[in-house]
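*Asks:* Output the structure for:
(one chain, ligands or ions: 3)
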Amino acid sequence: MPRPTPLVVLYDVPDPSTLTPGQRSGADCVWCQHPLRPHEGIDLGGTGDWWPCGCVPCCTLQSRALATYIDWYDHGIGCLYCPLRPCDRARALHQAHLDARQHAGKPDPTCLACRTVIAPGTPIRPHLWQAANGGGPVFSFLHTRTCPSERVP
Ligand SMILES: [Zn+2]
Ligand SMILES: [Zn+2]
Ligand SMILES: [Zn+2]
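*Replies:* Ligands and ions are numbered 1, 2, ... in the order given. Predicted structure coming up:
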C-alpha cells in the first residue's frame, strides 16, 4: 500500500517536556530547532499552545523511520515463521528500521518489558499498542524471546 509522505504522526514527536517554548508553539522545528518561517514547517497537528511543526528534511527522516517500523510490524502480523524466530525478511525490515532510526537521530530501541536498551544484533520484534486515555499508538519493541536481564527462578 503506498504511504503518504511525509508520514509523521503527532504521537511520534519528542516529549513536549524536552522541547523549548519555540518548538512547542511551532516557531522552531521540533527535531533540529531550525526556525520556521510561516508556512515553511510541516504542521504535525496540535491543539492550543501545543503546536509542533517540523522542517521538511526532519519530517522526511522521521517519516522514513516510522514507515519502516510499520512495514516491519505489518510483516510480523502476517508471517507464519516470525513467531518462532524472525525470518530473513523480518531481519531485513528490522535492519532497515534501525538504519532509518539512526538517520532520524532516534535513540537505540528499548525493550518494553525489561526496559533495557537493546544491544545491536539482538532479535527483537516491534510491538505496537494503544496508550490508555487516548494517548494514541506507541511504537515500542520487545525482545523476541526472553529478556536477557530476566532471571530464571
Ligand atoms: Zn528540522
Ligand atoms: Zn517473517
Ligand atoms: Zn526485554
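*Asks:* use CA for all of it now, contacts and neighbours both
*Replies:* Noted.
*Asks:* Contact residues of the chain facing ligand 2?
*Replies:* Cys79, Cys82, Cys87, Ala90 (CA under 5 Å from the ion).
*Asks:* of those, buried ones?
*Replies:* Using 16 or more other CA atoms under 10 Å as the burial test, those include Cys82, Ala90 as buried.
*Asks:* any chance of the residues of the chain next to ligand 2 in TSV, plus secondary structure and distance to ligand 3?
*Replies:* Output for the residues of the chain next to ligand 2, formatted as TSV (DSSP: H, G, I helix; E, B strand; the rest coil; distance: CA to the ion, whole Å):
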residue	secondary structure	distance to ligand 3
Cys79	coil	22
Cys82	coil	17
Cys87	coil	19
Ala90	helix	18
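*Asks:* Lowest pLDDT pick from the residues of the chain next to ligand 2?
*Replies:* Taking the residues of the chain next to ligand 2 together, the minimum pLDDT is found at Cys82 (87).
*Asks:* quick one: Thr47 from ligand 2, how far?
*Replies:* Here the criterion is CA to the ion, to the nearest Å. By it, Thr47 lies 39 Å from ligand 2.
*Asks:* and that residue, how far is that from ligand 3?
*Replies:* Separation of Thr47 from ligand 3 (CA to the ion) stands at 35 Å.
*Asks:* now do Cys32
*Replies:* 30 Å.
*Asks:* helix or strand for the closest residue in space to that residue that isn't next to it in sequence, which one?
*Replies:* Excluding its sequence neighbours, the residue lying closest to Cys32 (CA to CA, 6 or more residues apart in numbering) is Cys58, at 7.4 Å. Element membership for Cys58, per DSSP states H and E: helix 56-78.
*Asks:* Give me the residues contacting that helix.
*Replies:* 3, 5-8, 31-32, 41-42, 82-83, 90, 93-94, 96-98, 100-101, 103-104, 125-128, 139 (CA atoms under 8 Å, 6 or more residues apart in numbering).
*Asks:* Give the buried residues for whichever helix or strand Pro126 is part of.
*Replies:* Per DSSP H and E, Pro126 falls inside strand 124-131. Neighbour-count burial for strand 124-131, counted by 16+ other CA under 10 Å, picks out Ile124, Arg125, Pro126, His127.
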